[in-house]
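Visitor: show me the folded form of this:
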Amino acid sequence: MQKQEPLLKKFKWNTLLVLDACRYDRFKKVYQKCGLKGKLRCVDSQATWTIEWYKKHWNRKGQKIVVISAHPFLKDRNKRLFSLFYKVVYVKGLPNADISNTYKSWMNPLESLKQIKKTQKKFPNKKLLIHFIPPHLPFIGPKGKKYQEYLAKKYSSRSIYTLVENDGRRSGWEKAKKCYTESIKITLQLINKFLYQMRPPVIITADHAELIGEADGISKSAYNHGVHIKIRKIREVPWLEVKI
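Guide: Residues are numbered from 1 along each chain as shown. You can find the predicted model right below:
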């Protein structure tokens, strides 16, 4: 499996769309159904969480890249890391906090996509990196939101990851997989609608993947990603060279 890092640095992309915690296998199942075409491959992101991905792949000063970010974890606690980019544009309403356990409007991929046209106009000679939240929890689709409401009533936990994990271990992982895939589909469908605004070549990839029922080195089955997870599955992400 090819490593993602040399592709990020050597491939002459102009628009890089980053899905947070997106598995290659689930992406492969739905991207064509969302109207997307192009060359797809599975690559090794060499990261198990977002900060690690930025530190490993974007650690040079003077990068001619403008970032549109919907990730609150990157806004407040990692200003030094983001200072390596030419400019960082945050979506409207993004808080100085971690990702919420419940769906918020700024998590909608549409909020990031609406920034493209004016950002490209303002920075016409710069590459654009857009970091979306989905399919990272919380789920953004109607089935996913309904599932989360059910979990909140059934289990006592503030963490959406703990809720999904508890239910998966007790009832199986099929619901979680469907809701996760729904989040990917919604994101890709919106991306397809905005492709005409993007400067090619356009790449769709991810910072890391997500475990959905696999062992994480601590538990026999988990819904998780993070620094303690060393298995290869968590690093298998899509790399789609979009045909426009």
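
Visitor: use CA for all of it now, contacts and neighbours both
Guide: Will do.

Visitor: number of nearby residues for residue 9?
Guide: When neighbours are counted by other C-alpha atoms under 10 Å, residue 9 registers 11.

Visitor: and if you look at residue 152?
Guide: Neighbours of residue 152 (other C-alpha under 10 Å): 15.

Visitor: quick one, what contacts it?
Guide: residue 163 (C-alpha atoms under 8 Å, 6 or more residues apart in numbering).

Visitor: that one: helix or strand, and which one exactly?
Guide: According to DSSP states H and E, residue 152 maps onto helix 142-154.

Visitor: pLDDT below threshold where in this structure?
Guide: Within the chain, the ranges that satisfy pLDDT under 70 run 62, 74-79, 95-102.

Visitor: ranges for the helices of it?
Guide: Taking DSSP state H to define them, one finds helices in the chain at 4-10, 24-30, 50-57, 73-76, 79-82, 109-113, 116-122, 142-154, 160-171, 174-194.

Visitor: switch the ones you listed over to a markdown table; also include distance to residue 201.
Guide: What follows is the helices of the chain, written out as a markdown table (distance: least, C-alpha to C-alpha, whole Å):
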| stretch | distance to residue 201 |
| --- | --- |
| helix 4-10 | 12 |
| helix 24-30 | 19 |
| helix 50-57 | 19 |
| helix 73-76 | 26 |
| helix 79-82 | 23 |
| helix 109-113 | 17 |
| helix 116-122 | 14 |
| helix 142-154 | 32 |
| helix 160-171 | 35 |
| helix 174-194 | 14 |
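
Visitor: could you check the angle helix 160-171 makes with the helix holding residue 152?
Guide: 80 degrees (axes from the mean of the first three to the mean of the last three C-alpha atoms, to 10 degrees).

Visitor: ok, now which ones touch the closest residue in space to residue 195 that isn't next to it in sequence?
Guide: Closest residue to residue 195 apart from its sequence neighbours, by C-alpha to C-alpha, 6 or more residues apart in numbering: residue 244 at 7.3 Å. Contacts of residue 244 were listed using C-alpha under 8 Å, 6+ apart, and they are 37, 195, 196, 200.

Visitor: ok, of these, which one's closest to residue 139?
Guide: Nearest to residue 139 among those is residue 195, at 23.4 Å by C-alpha to C-alpha.

Visitor: what's the single longest strand in the protein?
Guide: Longest strand of the chain, by residue count under DSSP state E: strand 127-135.

Visitor: how long is stretch 16-25 from one end to the other?
Guide: 20 Å (C-alpha to C-alpha, to the nearest Å).

Visitor: and it, how far from the chain's centre?
Guide: Chain-centre distance of stretch 16-25: 5 Å, with C-alpha atoms, centre = their mean, to the nearest Å.

Visitor: so which bits of it are buried?
Guide: Neighbour-count burial for stretch 16-25, counted by 16 or more other C-alpha atoms under 10 Å, picks out 16, 17, 18, 19, 20, 21, 22, 23, 24.

Visitor: which residues does the fourth one contact?
Guide: I take that to be residue 19. Contacts of residue 19 (C-alpha under 8 Å, 6+ apart): 131, 132, 133, 134, 135, 204, 205, 206, 207.
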